[in-house]
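**Q** Need a 3D model of the sequence below.
(2 chains)
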Amino acid sequence: MQFLNVLNANIRREYILLKRYLPNTIAMLITFYVLFLGMFAGISLIGDPSTQDTNIQYVIVNYIFWFLAMVVVNDIGWQITNEATQGTLEQLGMSPMGIWKIMLSRLLSTTLIEFIIIIGLLYLSMFTAGQWLNVDVLSILPILILTLISMFGLGLIIAGFTMILKQIQAFLQILQFLLAGLTFVPLSVAPFLAFFPFVKGIDMVRGIMINGMTLSQFALADILILVFNAVFYFGIGLFVFLRCERFAMQKGLLAHY
Amino acid sequence: MTTPIIEVQNLKKSYKKRKTKEWITAVNDISFTVNKGEILGLLGPNGAGKTTTIKMICGLVRPDSGSVSISGIDNQQKRLQAQEHISAVLEGNRNLYWRLTVRENMEYFAGNRGKSRKEVASRIDELLQQFRLKDKENEMVNRLSRGMQQKLAIAVAMLAGSDVILLDEPTLGLDIETGYEVRELLREIVRNEQKTIIITSHDMDVIQDLCERTVIINNGKVVTNDRVENLLKLFEVRAYAIKLEGHLSEEQHQLLLEKFPLLEYKPDTVHSILEVDLTQSQDIYELFDILKLEQIPVDTIDRKTINFEQVFLKIVNGRDKVAVSQRA
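**A** A predicted model of the protein is given here:
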């Protein structure tokens, strides 16, 4: 119950800030949309016409997931940096709920709020491309939830390191390209990536949205890998975060830098 | 019998300087207790180790050794449990979210302590009234004055409903009027809410005015732990201003300085004044013996009034190490 109150407080904060920074949010959306248009134009103009439709569909799904990964994984790093600069990180550290629960609720609230934007972006992209993908919510949702859990794990790792290093902006810039790499590269090209966080999930969602698969058509091994990734990366993320928090408290690093 | 709500035992903390890689001892074996409902001043010059001590009490910095217990809970072993009993306004003006309003800040911080908006709504109204922020409740924090921000930060700490509140420099950077208002609010909190408060401040008027007892830290060590009134009395008793008829000769001045190195001689046109802080009150007799022997006529003798700032400076400058006891 107490965690629900933490979550509620953070969802509310996220929503208020999104409204207050509306020009920023709109600018970010326009940037993403323009980037998508660039890719779409590239495929339409110089891509192989025989695979054009499939390529565009891939771009839409990959692009949406890249945006999601950025929001979930990268944003938490920026948030910690801002909190430390503002001096509010120590106040969060004073909560009897523990910083990790606040950070987890930040991850959840950011995802929930941004998800509405993501859905808008998805339909805008499909409309622009004239390619309507299979949005089978019942099949996508369980996969998406498990994929998000592994993303949260990665987000907690980033949050933990940011708490110690603080000046991690340069790394966060690079990270967005690493995330692009993980979302754009198909598993058929690099099967070992299935054990990387969220790659398997995105591949399965691609199967549903592009190839029209349903959840029951996936092999048990696929589901097991997805569950394993979710548990493993979330566990690792939480462990790393708690170790980083302990280290930051030993070195007195929660204060502004 | 008073019950300690905070027990600080043999705290030690060292930091490695980034540039020189040199180890700095910020806190060196500090121990003290704070009783329930007490308002304690934690004082010391810059770099004495006050903020590190405060942060170790808050559980934000882990000590190298030693322990802190709050309401009987060890804040290293059961940090989150201990944090239920403590809230803090840390130094600086960034304890709040500047892009949230007054009310939103209060609701957000309460939410992060696991409380629902409904649960705290009436308490928020009460605090907004008490802190005279009701008309600003929908104002964004970045539009508030420094004083209002500070009042809000204290209100947020109050909203936590903890037994102990730590205030690191609560009046720093405030104008006289707001500083006074904050001081009055703190006095009200102590009187009406029965909270245990630890204050660090450079403003000795605040300490003298609000605190029952002070722990003075210097170079990471506790140099004094005593009631404010005891310290004032201790120094008042031994500070005298003696008005002499005429002036002292150079030899007489030197003779007095040999015996009383802290003596200050202030010659006037007709009179002269000797200001002396005596290590022990009976030293006054020795001073009069010298004056009598040298046939120096005394006009008046006044006991000097001393404020807490002077007491603090004397203690920190180490001039009264021997005399100041740890009596708390």
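**Q** Tell me who's in contact with residue 44.
**A** No chain in the question, so chain A it is. Residues counted as contacts of residue A:44 (CB atoms under 8 Å, 6 or more residues apart in numbering or on different chains) are A:52, A:56. C-beta here means a position set from N, CA and C on the backbone, and glycine is covered the same way.
**Q** You answered for a different chain; I wanted chain B.
**A** B:50, B:200, B:216, B:217, B:218, B:316.
**Q** Nearest residue to it in space, please, no chain neighbours.
**A** In this structure, residue B:44 finds its nearest non-sequential neighbour in residue B:217, 3.8 Å apart by CB to CB, 6 or more residues apart in numbering or on different chains.
**Q** So which of the contacts of residue B:44 belong to strands?
**A** Per DSSP state E, strands hold the following members of these: B:200, B:216, B:217, B:218.
**Q** wouldn't the first one be in contact with residue B:168 here?
**A** Right, residue B:200. Yes - contact criterion CB atoms under 8 Å: residue B:200 and residue B:168 qualify, at 5.1 Å.
**Q** Could you list the buried residues of stretch B:286-306?
**A** B:287, B:291, B:296, B:306 (16 or more other CB atoms under 10 Å in any protein chain shown).
**Q** same deal with stretch B:112-122?
**A** B:112, B:113, B:114, B:115, B:116, B:117, B:120.
**Q** now these as a markdown table including distance to chain A, secondary structure and pLDDT?
**A** Shown next, in a markdown table, are these (distance: CB to the nearest CB, whole Å; DSSP: H, G, I helix; E, B strand; the rest coil; pLDDT from 0 to 100):
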| residue | distance to chain A | secondary structure | pLDDT |
| --- | --- | --- | --- |
| B:112 | 5 | helix | 95 |
| B:113 | 5 | coil | 95 |
| B:114 | 3 | coil | 94 |
| B:115 | 6 | coil | 95 |
| B:116 | 5 | coil | 94 |
| B:117 | 8 | helix | 94 |
| B:120 | 10 | helix | 95 |
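**Q** Could you pull up phi and psi at whatever residue of chain B ends up closest to chain A?
**A** Per CB to the nearest CB, residue B:111 is where chain B lies closest to chain A, at 2.3 Å. Backbone geometry at residue B:111, expressed as degrees, to the nearest 10, gives phi -60, psi -40.
**Q** Run through the neighbouring helices and strands of the helix or strand harbouring residue B:41.
**A** Element membership of residue B:41 [criterion: DSSP states H and E] is strand B:39-43. Counting contacts by 3 or more CB pairs under 8 Å, 6 or more residues apart in numbering or on different chains; DSSP states H and E, strand B:39-43 packs against helix B:50-58, strand B:196-200, helix B:204-210, strand B:213-218.
**Q** tell me, what residue is most central in the chain?
**A** In the absence of a named chain, chain A is used. Central residue of chain A (CA atoms, centre = their mean): residue A:69, 2.4 Å from the mean position.
**Q** if you could check chain B rather than the one you did, that'd help
**A** Short answer for chain B (CA atoms, centre = their mean): residue B:41, at 3.2 Å.
**Q** unless I'm mixing things up, that one is touching residue B:203, no?
**A** No - using CB under 8 Å, residue B:41 is not in contact with residue B:203, being 10.2 Å away.
**Q** quick one: which helix or strand includes the residue of chain A found nearest chain B?
**A** The minimum distance from chain A to chain B, using CB to the nearest CB, falls at residue A:9 (2.3 Å). Here residue A:9 sits within helix A:2-20, counting by DSSP H and E.
**Q** what's the angle between the helix or strand just after that helix and helix A:2-20?
**A** Using DSSP H and E, the helix or strand that directly follows helix A:2-20 along the chain is helix A:22-46. For helix A:22-46 against helix A:2-20, the angle by axes from the mean of the first three to the mean of the last three CA atoms, to 10 degrees is 80 degrees.
**Q** Can you name the element that comes right after helix A:22-46?
**A** Toward the C-terminus, helix A:22-46 is succeeded by helix A:52-69 as the next helix or strand (DSSP H and E).
**Q** what does the following helix or strand past that next one rub up against?
**A** Remark: after helix A:52-69, the chain's next helix or strand is helix A:75-86, criterion DSSP H and E. Contact partners of helix A:75-86, identified using CB under 8 Å, 6+ apart, comprise A:89, A:92, A:103, A:106-107, A:110, A:155-156, A:158-159, A:161-163, A:166-169, A:171-172, A:175, A:254-257, B:94, B:97-98.
**Q** again, 6 Å this time
**A** For helix A:75-86, contacts defined as CB atoms under 6 Å, 6 or more residues apart in numbering or on different chains pick out A:89, A:107, A:110, A:155, A:158-159, A:162-163, A:166, A:168, A:172, A:256, B:94.
**Q** of all the buried residues of stretch B:112-122, which comes closest to residue B:8?
**A** Distance to residue B:8, by CB to CB, is smallest for residue B:113 among these, at 23.6 Å.
**Q** Relative to residue B:91, how far out is that closest one?
**A** Going from residue B:113 to residue B:91 by CB to CB, to the nearest Å gives 21 Å.
**Q** Just the angle for the worst-scoring helix or strand of chain B on mean pLDDT relative to strand B:39-43, thanks.
**A** Lowest by mean pLDDT, DSSP states H and E among the helices and strands of chain B is helix B:228-237, with a mean of 73. Put simply, helix B:228-237 runs at 60 degrees to strand B:39-43, going by the same axes, to 10 degrees.
**Q** quick check: angle from helix B:228-237 to strand B:213-218?
**A** Using the same axes, to 10 degrees: helix B:228-237 against strand B:213-218 is 70 degrees.
**Q** What lies in contact with helix B:228-237?
**A** B:211, B:214, B:281, B:306, B:311.
**Q** Can you pull the residues of the stretch 101-250 of chain B lying near chain A?
**A** B:108, B:111, B:112, B:113, B:114, B:115, B:116 (CB under 6 Å from any CB of the partner chain).
**Q** can you do 10 Å?
**A** B:101, B:104-105, B:107-120, B:140, B:153, B:156-157, B:160, B:162, B:166 (CB under 10 Å from any CB of the partner chain).
**Q** Okay, now the unreliable bits of the chain?
**A** Let's take chain A. Residues of chain A that meet the criterion pLDDT under 70 lie in A:256-257.
**Q** Wait, chain B was what I had in mind.
**A** B:1, B:92-93, B:234, B:236-237, B:318-328.
**Q** where exactly do the helices run in it?
**A** B:50-58, B:79-83, B:102-112, B:117-130, B:146-159, B:176-193, B:204-210, B:228-237, B:250-259, B:283-293, B:308-316 (DSSP state H).
**Q** and of the ones you listed, who's closest to residue A:232?
**A** Proximity to residue A:232 (CB to CB) singles out helix B:79-83 among the helices of chain B, at 25.7 Å.
**Q** Check which helices and strands that closest one is in contact with.
**A** Helix B:79-83 is packed against helix B:50-58, strand B:65-70, strand B:73-74, with contacts defined by 3 or more CB pairs under 10 Å, 6 or more residues apart in numbering or on different chains; DSSP states H and E.
**Q** List the strands paired with the second one, with their directions.
**A** The reference is to strand B:65-70. strand B:4-16 (antiparallel), strand B:73-74 (antiparallel) (DSSP bridges).
**Q** In TSV, list the ones you listed along with mean neighbour count.
**A** TSV is the format used below for those (neighbours: other CB atoms under 10 Å in any protein chain shown):
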stretch	mean neighbour count
strand B:4-16	18
strand B:73-74	16
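**Q** okay if I get the helices of chain B as a markdown table plus distance to residue A:198?
**A** As requested, those are exported to a markdown table (distance: least, CB to CB, whole Å):
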| stretch | distance to residue A:198 |
| --- | --- |
| helix B:50-58 | 36 |
| helix B:79-83 | 30 |
| helix B:102-112 | 28 |
| helix B:117-130 | 34 |
| helix B:146-159 | 37 |
| helix B:176-193 | 49 |
| helix B:204-210 | 54 |
| helix B:228-237 | 60 |
| helix B:250-259 | 80 |
| helix B:283-293 | 79 |
| helix B:308-316 | 57 |
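**Q** Buried ones among the contacts of helix B:228-237?
**A** Buried members of those, scored by 16+ other CB under 10 Å, are B:211, B:214, B:306, B:311.
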